[in-house]
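**Student:** My questions are about this predicted structure, shown below with the sequence.
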Amino acid sequence: MRVLTVAAGEGCRTRCLDRVLHSGGQVRMSMHPLPGFAVLNRTVAILPVGHRDISQSVLVREPHTVNSLGVLFDAVFSRAADWSIAMRFTSPDGGEEDEMPLKVLHLMGTGRTDEVAARELGMSVRTFRRHVSEVMQRLDASSRFQAGLRAAELGLTTGAASAPAEAPRRGRPTAPGAPGRPGCFASAGPRP
């Protein structure tokens, strides 16, 4: 099973996604929201009905529609970040962990030199570089460039150059399939 989610989860969602991982599934996180849906064995799709007050779904068996949804899911899933990497920047209780890695990521993304970034954070260059190294390890990145790409995939960067202490955009879990609200998307079965 492959599951795509759009936000670092809290409570029930995190436990559910952890179960998918422990059962051999793949979980990834994307900052590109899609309406919640499921594709099962590339033969059936389950789509939400677009009513706010009613929690209903429709079963789709039409092969071209099911295939198109599978292709869409594959495209977003292939570009999404691994869930386990995303969780390295979230504390176990669902809150934000230490803000320093996020501040370091932001300053790395602004193009400042290590010396300038260290001065802005009130630390030595050596300490700043240690923080950069820790961020790269958390992101499983072998270069600063790769770290920047992974941070952007995870929504850990804001792109704002003026406020290094600004918190990154973080989505919050919502009911899958609610109109205009992102959720989880799943695809089960063999890939084409």
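**Tutor:** Now that the structure is in, tell me what you want to look at. Computed from a predicted structure; not experimentally measured.
**Student:** tell me the secondary structure for the residue lying closest to residue 29 once chain neighbours are set aside?
**Tutor:** Closest residue to residue 29 apart from its sequence neighbours, by Cβ to Cβ, 6 or more residues apart in numbering: residue 86 at 4.6 Å. From N, CA and C alone the C-beta is placed, and that goes for glycine too. Following DSSP: H, G, I helix; E, B strand; the rest coil, we place residue 86 in the helix state.
**Student:** So which residues of this protein form strands?
**Tutor:** Using DSSP state E, the strands of the chain run over 2-5, 26-29, 38-40, 44-48, 57-60, 81-82, 184-188.
**Student:** what mean pLDDT does the third one have?
**Tutor:** The one in question is strand 38-40. In this model, strand 38-40 has a mean pLDDT of 90.
**Student:** can you check the shortest one too?
**Tutor:** Throughout strand 81-82, pLDDT has a mean value of 78.
**Student:** what's the longest helix in this protein?
**Tutor:** helix 63-79 (DSSP state H).
**Student:** Now do the buried residues in it.
**Tutor:** 66, 69, 70, 73, 74, 76, 77 (16 or more other Cβ atoms under 10 Å).
**Student:** quick one: which of those is nearest residue 55?
**Tutor:** Of all those, residue 55 sits closest to residue 69, with 19.8 Å by Cβ to Cβ.
**Student:** residue contacts, the residue nearest to the closest one when sequence neighbours are not counted?
**Tutor:** Nearest non-adjacent residue to residue 69, counting by Cβ to Cβ, 6+ apart: residue 45, 4.9 Å away. Contacts for residue 45 (Cβ atoms under 8 Å, 6 or more residues apart in numbering) come out as 37, 38, 39, 59, 60, 65, 66, 69, 70.
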